[in-house]
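S.K.: Okay, here's the prediction I keep looking at, along with the sequence it came from:
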Amino acid sequence: MLQLFSPAKINLFLRVLGKRPDGYHEIASLFQAIDLGDQLTLTFSTKDTLTCSNPDLPCGDSNLITKALMLFRRQTGLNTPVAIHLEKNIPTQAGLGGGSSNAATTLWGLNALHDFPFSEQELQTWSASIGSDVPFFFSKGTAYCIGRGEKVRDLLPLSLPSFSLIKPSVGLATPAIFQALKLQECSTLDPDQLLHDFMIGKHRFINDLEIPALRLCHSLAQIKEKHPTAFMTGSGSTMVILSGDTKPLHRKQGWY
């Protein structure tokens, strides 16, 4: 039996660079894993089961854990039944990457149950077919992600302000946010320059998806009014509230 930590992430900046021919958007984003996370338990069993502490979360074919299990089997031919339980702490539709993290952790855990026949690089490559954010969760915890988000470059840990998270009760669906996005409203700042600035301790927290999210979600607009320096992570609806203290953020021990 394996008990694994499945971390959330925040986007320290997220630039949307344009629409791609495949219908996705080209992005450039600085991802950071955080200590908030779910717990996944995997064990060999007599039949496949997926259970979750949150009764509102579907446990069928639409769940990214199930998609990760099916992907692992297609790629490896390893079909031993597995029981998986998800203790859910990361809110859904929050921009925190909970489902993507669960998928990555599932792939890692299945590989571990079979005594690691495949490399993390192989798992990371496969995982892009599940979702754009999934490959990040095979990084060391801080990474620059481009393309759809699936091209991941590991970075050293950053020194960042400490922060808290505010998540209104309403969630935001990623497709709705991108549908409401107007490219002319996006920042014109060079993402490579933004990355360089972060590396030297000059923080500019920018998220091009925040403007459409504020239009769609009155609760977010209220948070932004109260905390003008707050910024949204991912496609929302979580806002990151900064404090004045700085400390290095490291990969949480025992991620996997």
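M.R.: Structure's in. What do you need?
S.K.: mean confidence score for the strand or helix carrying residue 143?
M.R.: Taking DSSP states H and E as the definition, one finds residue 143 inside strand 142-147. What strand 142-147 shows for mean pLDDT is 98.
S.K.: can you list the residues that contact it?
M.R.: By C-beta atoms under 8 Å, 6 or more residues apart in numbering, the surrounding residues in contact with strand 142-147 are 26-33, 132-133, 135-136, 151-158, 191, 195, 249, 251. All C-beta atoms are positioned from the backbone trio N, CA, C, and that covers glycine.
S.K.: mind checking how far the closest residue to residue 124 other than its chain neighbours is from residue 52?
M.R.: Of all residues not flanking residue 124 in the chain, residue 138 sits nearest, at 3.9 Å (C-beta to C-beta, 6 or more residues apart in numbering). Distance from residue 138 to residue 52, counting by C-beta to C-beta, to the nearest Å: 23 Å.
S.K.: And for residue 95?
M.R.: Following C-beta to C-beta, the distance that separates residue 95 from residue 52 is 20 Å.
S.K.: tell me the domain boundaries of this protein?
M.R.: 2-154, 159-248 (automatic domain parsing).
S.K.: re the thing from before, given the strand holding residue 143, what are its sheet partners and their directions?
M.R.: Strand 142-147 pairs in its sheet with strand 25-44 (antiparallel), strand 151-154 (antiparallel), by DSSP bridges.
S.K.: What residues of the helix or strand following the longest one count as buried?
M.R.: Moving toward the C-terminus from strand 25-44, the next helix or strand (DSSP H and E) is strand 49-52. Judged by neighbour count using 16 or more other C-beta atoms under 10 Å, the buried positions of strand 49-52 are 50, 52.
S.K.: Distance check, residue 147 against residue 37.
M.R.: Residue 147 is 25 Å from residue 37, by C-beta to C-beta.
S.K.: more neighbours, the two?
M.R.: residue 37 (23 against 15; other C-beta atoms under 10 Å).
S.K.: Tell me who's in contact with that one.
M.R.: 5-8, 89-90, 101, 252.
S.K.: please redo it, this time with the cut-off set to 7 Å
M.R.: 5-8, 89-90 (C-beta atoms under 7 Å, 6 or more residues apart in numbering).
S.K.: so it bridges to which residues?
M.R.: Here residue 37, judged by DSSP bridges, has bridge partners residue 7.
S.K.: And the pLDDT for it?
M.R.: Reading off the model, residue 37 has pLDDT 97.
S.K.: Which residues are in contact with the residue nearest to residue 178 when sequence neighbours are not counted?
M.R.: Excluding its sequence neighbours, the residue lying closest to residue 178 (C-beta to C-beta, 6+ apart) is residue 25, at 6.1 Å. Residues in contact with residue 25 (C-beta under 7 Å, 6+ apart) are 16, 18-19, 178.
S.K.: same thing but 10 Å
M.R.: Counting by C-beta atoms under 10 Å, 6 or more residues apart in numbering, residue 25 makes contact with 16-19, 132, 148-149, 178, 181, 183, 186, 208-209.
S.K.: Out of those residues, which end up buried?
M.R.: Using 16+ other C-beta under 10 Å, the buried members of the contacts of residue 25 are 16, 132, 148-149, 178, 181, 186, 208-209.
S.K.: Which ones among those residues lie within helices?
M.R.: Among the buried ones among the contacts of residue 25, the members falling in helices are residue 178 (criterion: DSSP state H).
S.K.: Quickly name whichever of the buried ones among the contacts of residue 25 is closest to residue 171.
M.R.: Lowest distance from residue 171 to the buried ones among the contacts of residue 25 (C-beta to C-beta) belongs to residue 209, with 14.0 Å.
S.K.: Please, where are all the helices along the stretch 101-250 of the chain?
M.R.: Taking DSSP state H, counting those that start in this stretch as the test, the helices found in the stretch 101-250 of the chain are 120-127, 174-180, 191-199, 210-216, 218-226.
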